[in-house]
Structure formats: structure tokens, C-alpha cells
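In: Provide a 3D model corresponding to the input given below.
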Amino acid sequence: MSVPPKFKKGVTTLAVLSALDRRETYGYEIRREAYTKTRGLFTVNEGVLYPLLRSLTRQRFVRVRQEKMGGRWQKYYRLTALGRKELSVLRHDCKSSRKVLEAFLG
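Out: Okay, the predicted model is just below:
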């Protein structure tokens, strides 16, 4: 089953913020959580994830810190208070949208 591109674009922000709501983490873990939580139905592409994380950081929804791990720098992302508010709005909007869709889909 494939996910329509327009739907996927809107859900990616929700997936990223939801992953960061649980704990501070890095990009690969965000991708893995989206894949695991949806049992492989939804994937977050690297080419979408990192530009989105930069955008969320500029909007102050996410904070980033770097840590040196085994000679390499690893970026860790975490949700800010403003990001938690945005996540709450997104969840509310999605729940409202789901009710409308269910009415049409039966």
C-alpha cells in the first residue's frame, strides 16, 4: 500500500514532532520510529527529514545539540515548549480531519 504524496507531506511534520515528544533523539531514530510505529506503511526519507528538522529548528519548535561520538559529530534533536504546542495543534487538526474522512469513507 502506498501513501499519497500530498498526504505524506502533511504527516511528516506530525511524525517528526511525535517522535521528539517522547525523548531527545537523532535523525535515524526518528526515521526508524515512523517506520516501526506504522508497521512499514510510512517512511521518512532522509532528503525530507533533514531539511524539515532545519525548518523546525528555525521556527523554534526543535532544539539541536551536537555531541562527538566515536570521532564523528552526532546531532540530537529535542522538542521545545513551542514545539509541544505545535504538536498539540497538529494532533487536534488530524483528529478533526479523521472524523471528516470517516464520514466519507464509511
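In: rest of the way, CA atoms for contacts and neighbours
Out: Noted.
In: quick one, phi/psi of R78?
Out: phi -140, psi 150 (degrees, to the nearest 10).
In: er, T43 actually
Out: Per-residue torsions, T43: phi -120, psi 150 (degrees, to the nearest 10).
In: Give me the pLDDT value at the nearest residue to it once chain neighbours are set aside.
Out: Computed as C-alpha to C-alpha, 6 or more residues apart in numbering, the closest residue to T43 that is not its neighbour in sequence is Y35, at 5.2 Å. At Y35 the predicted local confidence, pLDDT, stands at 88.
In: give me the element Y35 is part of.
Out: Assigned by DSSP states H and E, Y35 belongs to helix 27-37.
In: residues making contact with the helix or strand that that helix is followed by?
Out: Using DSSP H and E, the helix or strand that follows helix 27-37 in sequence is helix 46-58. With contacts defined as C-alpha atoms under 8 Å, 6 or more residues apart in numbering, helix 46-58 is touched by 13, 27, 31, 62-64.
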